[in-house]
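*Asks:* Sequence and predicted structure below; questions after.
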Amino acid sequence: MLQISVLRDHTAAVLAGLAKKHYATAEADVAAVLALDQRRRALQTTHDAAQAEANQLATQIGGLLKTGDRAGAEALKLRTADLKQQTQAASAELAQVEDEQKQLLYKLPNLPHVSVPEGRHAADNEVLREGGEKPALPANAQPHWELIKKYDIIDFELGNKITGAGFPVYKGQGARLQRALINFFLDQARAAGYTEVQPPILVNEASGYGTGNLPDKDGQMYHDLKDNLYLIPTAEVPLTNLYRDEIIPADKLPVRLAGYTPCFRREAGSWGADVRGLNRLHQFDKIEIVQITTPETSYAALDTMLAHVEGLLGKLGLPYRILRLCGGDMSFTSALTYDFEVWSAAQSRWLEVSSVSNFETFQANRLKCRYRAEGGKTQLLHTLNGSALALPRIVAALLENNQDESGIALPEVLHSYCGFDKITNLAN
RNA sequence: AGAGAAGUGGCAGAGUGGUCGAUUGCGGCGGUCUUGAAAACCGCUGACUGUUACAGGUCCGGGGGUUCGAAUCCCUCCUUCUCUGCCA
């Protein structure tokens, strides 16, 4: 959520930012927010003045009653009735205005960083750089949805039976590869200075609002209505919410967390021809890294996160590219996002495996996540996160890029984690 | 899940209708003293909103109510603790 003070003090910059994000009704919405804000403050003043007088009278009445002056007290009481009506009327309208203003503010996306390229679609994203080498596969190379059957390591049919589409069952070497990747990624994150955290994978409504998943992406989360809990779409939600309503001491900054969780996404309406196999799932595993920093250091922190993810892909030997997302393709909450894509050789397409973002104060404002700046004033922090990494598409790329007649050769860094170095028909 | 108790400032812990946004202790910050440190003593020390600044307003787990006036009384929800039950 954008800060109202920013809208007030930097209206032109806000409008320019919203335009870059292709937010259609910026002019009208910002004008409406500012009008509501003016009304809100006027009501607050009215309310406060009446309340102040009422408070004073109440004290006087108390004094009169103490001295036994009942008549005097009753006389004053007559005046309080009118004041009470005033404060009640003002606070009722105030609540309404505040709610309207909040609803409008919830609708406004975060403002993009200056480095965000202009553009509306994925095609407008800027390729920052590419790394690794695309393998030359034989003509009879197979996509991963064939390979997983051939080696019997991931079973969609079984998942269909016990749950439904998008919930695969990992078996044998497939299951062991999952576990290996999780451990590898967690160890790498720890070595890079992140504290490992194992959070709950159901969160309450307040947490959903804190990271901005509610109310805008309500339909994307699985919702347990009985207990009003949500299955997390990413570990970002519980990890960032650990610091909701906190004033973090300066010497505890930056906060660096890493967590592995399963992630659950309803992906309503997004199932089409190009989401075969592991390309899009309802449940998948991901290791997420989160940082909370001072405003001055957040972009340096973003760079270190970028380097960390790039290092992982390098160690896995996967060809990748880094995109700087354009204004129209960025998420609602982000100020700057880099996407990592790996080359999936048998599908001849890039697959997104990581998204690394700086949210600046957009999440922190809702979270009320602050620190004490020089001079003792509280100030909003910056929150950042990134996938490091999401497993399914990594697995897809590993399978496709490393296939040959004898099986699938795994990158060396995974050998000790897996307990085998090659996926074959023979093993299990 | 049932019965009982409780939720107050960073922590501990007073306060049961009226100058209480809150006694006190610890912790923290500043000062005096000291070569320096400790001890001792003195002062300061919650958040939000609002104002050019002051003032003012709100917040004692959340929400609602009674009253001229609520941390204090009532309702409701949540959480924690103890006992019982169940269970990996």
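*Replies:* That came in fine, so what should we check first? Residues are numbered from 1 along each chain as shown, chains lettered A, B, ... in the order given.

*Asks:* Assign the nearest residue to residue A:340 once chain neighbours are set aside to helix, strand or coil.
*Replies:* Closest residue to residue A:340 in three dimensions, ignoring its sequence neighbours and counting by CB to CB, 6 or more residues apart in numbering: residue A:354, at 3.9 Å. Every residue, glycine included, has its C-beta placed from N, CA and C. Following DSSP: H, G, I helix; E, B strand; the rest coil, we place residue A:354 in the strand state.

*Asks:* For residue A:386, list the residues it contacts.
*Replies:* By CB atoms under 8 Å, 6 or more residues apart in numbering, residue A:386 lies in contact with A:288-289, A:305-306, A:308-309, A:354-357.

*Asks:* Please produce JSON lines containing those residues, extended by neighbour count and distance to RNA strand B.
*Replies:* Formatted as JSON lines, those follow (neighbours: other CB atoms under 10 Å; distance: CB to the nearest atom of the strand, whole Å):
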{"residue": "A:288", "neighbour count": "30", "distance to RNA strand B": "24"}
{"residue": "A:289", "neighbour count": "29", "distance to RNA strand B": "28"}
{"residue": "A:305", "neighbour count": "24", "distance to RNA strand B": "28"}
{"residue": "A:306", "neighbour count": "17", "distance to RNA strand B": "31"}
{"residue": "A:308", "neighbour count": "21", "distance to RNA strand B": "32"}
{"residue": "A:309", "neighbour count": "23", "distance to RNA strand B": "34"}
{"residue": "A:354", "neighbour count": "29", "distance to RNA strand B": "32"}
{"residue": "A:355", "neighbour count": "21", "distance to RNA strand B": "31"}
{"residue": "A:356", "neighbour count": "24", "distance to RNA strand B": "29"}
{"residue": "A:357", "neighbour count": "25", "distance to RNA strand B": "25"}
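
*Asks:* where's residue A:55 relative to residue A:75, distance?
*Replies:* Computed as CB to CB, to the nearest Å, the residue A:55 to residue A:75 distance reads 18 Å.

*Asks:* Then residue A:199?
*Replies:* 60 Å.

*Asks:* Between the two, tell me which one has more neighbours.
*Replies:* Between residue A:199 and residue A:75, counting by other CB atoms under 10 Å, residue A:199 is the more crowded of the two (19 against 12).

*Asks:* Do I have it right that that one meets residue A:234?
*Replies:* No: counting by CB atoms under 8 Å, residue A:234 is not a contact partner of residue A:199; they are 10.9 Å apart.

*Asks:* any residues in contact with both of those two?
*Replies:* Contact criterion CB under 8 Å, 6+ apart; residues shared by residue A:199 and residue A:234: residue A:261.

*Asks:* which intervals of chain A have sub-threshold pLDDT?
*Replies:* Across chain A, the ranges flagged by pLDDT under 70 are A:269-274, A:375, A:427-428.

*Asks:* Would you mind naming what in it lies close to RNA strand B?
*Replies:* A:41, A:44-45, A:47-49, A:51-52, A:54-55, A:57-59, A:61-63, A:65, A:77, A:80-81, A:84, A:247, A:370, A:372, A:376, A:378 (CB under 7 Å from any atom of the strand).
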